[in-house]
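Visitor: everything below, folded, please.
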Amino acid sequence: MRIFIFSKKNLFFSFLIICIITLILLSSLSLAGEFRSSSNTFSNNFIANINNLVKGKEKVAYLTFDDGPSLVTPKILDILNKENVKASFFVIGKSVEAHPEIVKRAYDEGHYIANHTYSHNNSILYRSSESFSNEIKKTDIAIGKAIGVDAYSSLIFRFPNGFMSPQYKAKKKEMAKLLSQMNYAYIDWNCLNNDSIKKYNSSQLLNNLKKSSKNKNTLVILMHDTKDVSNSSLALEDSIEYLKSEGYSFSNFYSVVNDLK
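Guide: Below you'll find the model as predicted:
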């Protein structure tokens, strides 16, 4: 049997080492707690700002385009560039993988790239919490690859058909809590031109927009950068000119994200 003899000097150094390790561990825990608190504060403030966006008193128009990218998107980007307007695109992950160069162009030109699920298929999206989160993560991964940004987080999500739609209402409420835990905010719209409702020509789309925007200040405008039903690109230039004539300036969701940095 070995007998260990500790001198006072050895005991002192052992005690000192234990104290240092303890201080390091406590410091790490404190920093981790600080980070979690900061992250939660960021998330809560961000979600509140997104939720209150349409309550703004200033005449600001947020153009948002759903369901792309598609072959219509470049025409929309051309018009936005000509009019010097920045928009937000709620992209579908599988479409991003099909047209990464279009997403890269939109991002490089200063437009916000937001998340609209990977498949746009409600039966997959609401199958489980895991399926819902995977749809978001896969989309952000696809966006990140397209634009060359590692670990991209879009931060802003739009439910297919919108949160306000009665379809899957209970599931949406459940998933809204999950979104908050993931540090995402969701947003609908308070103005639209009905381009996904039925076939409209360009003048009808513009008239729909005029009616929907009447007596409203901050607008979150729903359009689609596809031509599945109506083609909003045909009415986009006139729509922007009308909004400018009504005193609206234009912004995208970077303004909300950057305010919290």
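Visitor: what bits of the stretch 1-150 of the chain have low per-residue confidence?
Guide: 1-42 (pLDDT under 70).
Visitor: also the stretch 151-261 of the chain?
Guide: Flagging of the stretch 151-261 of the chain using pLDDT under 70 yields the residue ranges 260-261.
Visitor: what ranges do the helices span in it?
Guide: Taking DSSP state H, counting those that start in this stretch as the test, the helices found in the stretch 151-261 of the chain are 169-181, 202-213, 233-245, 254-259.
Visitor: need the residues that contact the last one.
Guide: Residues outside helix 254-259 that contact it (CB atoms under 8 Å, 6 or more residues apart in numbering): 46, 49-50, 53, 86, 110, 112, 155. (Each C-beta comes from the backbone N, C-alpha and C, glycine too.)
Visitor: counting neighbours, which bits of it end up buried?
Guide: Neighbour-count burial for helix 254-259 flags 256-257 (criterion: 16 or more other CB atoms under 10 Å).
Visitor: just the CA atoms of it, as CSV, please.
Guide: The C-alpha trace of helix 254-259 is given here as CSV (Å, rounded to 0.1, in the frame of the first residue of the first chain):
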residue,chain,number,x,y,z
TYR,A,254,-33.7,45.0,-42.4
SER,A,255,-34.9,48.2,-40.8
VAL,A,256,-36.5,46.2,-37.9
VAL,A,257,-33.5,43.8,-37.6
ASN,A,258,-30.9,46.5,-37.6
ASP,A,259,-32.8,48.6,-34.9
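Visitor: so how far is it off the chain centroid?
Guide: With CA atoms, centre = their mean, to the nearest Å as the basis, helix 254-259 stands 11 Å off its chain's centre.
Visitor: could you measure from N121 over to K172?
Guide: Counting by CB to CB, to the nearest Å, the gap from N121 to K172 is 15 Å.
Visitor: if you count what's nearby, which of these two comes out ahead?
Guide: The neighbour count for N121 versus K172, taken as other CB atoms under 10 Å, is higher for K172 (23 against 14).
Visitor: the more buried one against F163, yeah?
Guide: Yes: with contacts counted by CB atoms under 8 Å, K172 reaches F163, the gap being 5.5 Å.
Visitor: how about the nearest residue to the residue nearest the centre of the chain, chain neighbours excluded?
Guide: For the chain, the residue nearest the mean C-alpha position is I156 (1.9 Å; CA atoms, centre = their mean). Once flanking residues are discounted, I156 sits nearest to A114: 4.3 Å by CB to CB, 6 or more residues apart in numbering.
Visitor: which SSE is that neighbour in?
Guide: Per DSSP states H and E: A114 is located in strand 112-115.
Visitor: next secondary structure element downstream of that strand?
Guide: Assigned by DSSP H and E, the successor of strand 112-115 is helix 122-125.
Visitor: after that following helix, next one along is what?
Guide: That would be, after helix 122-125 and using DSSP H and E, helix 129-147.
Visitor: pull the distance from that following helix to the chain's centre.
Guide: Counting by CA atoms, centre = their mean, helix 129-147 is centred 12 Å from the centre of its parent chain.
Visitor: can you give me the buried ones in it?
Guide: Across helix 129-147, burial judged by 16+ other CB under 10 Å covers 132-136, 138-147.
Visitor: mind naming the longest strand for this structure?
Guide: Counting by DSSP state E, the longest strand found in the chain is strand 60-68.
Visitor: report the backbone C-alpha coordinates of that strand in CSV.
Guide: What follows is strand 60-68, C-alpha atoms only, in CSV (Å, rounded to 0.1, in the frame of the first residue of the first chain):
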residue,chain,number,x,y,z
VAL,A,60,-44.2,53.3,-44.9
ALA,A,61,-44.8,50.5,-47.3
TYR,A,62,-43.1,47.1,-46.9
LEU,A,63,-43.4,45.2,-50.1
THR,A,64,-43.3,41.4,-49.5
PHE,A,65,-43.3,38.7,-52.1
ASP,A,66,-44.3,35.1,-51.3
ASP,A,67,-43.7,31.7,-52.8
GLY,A,68,-40.6,32.4,-54.9
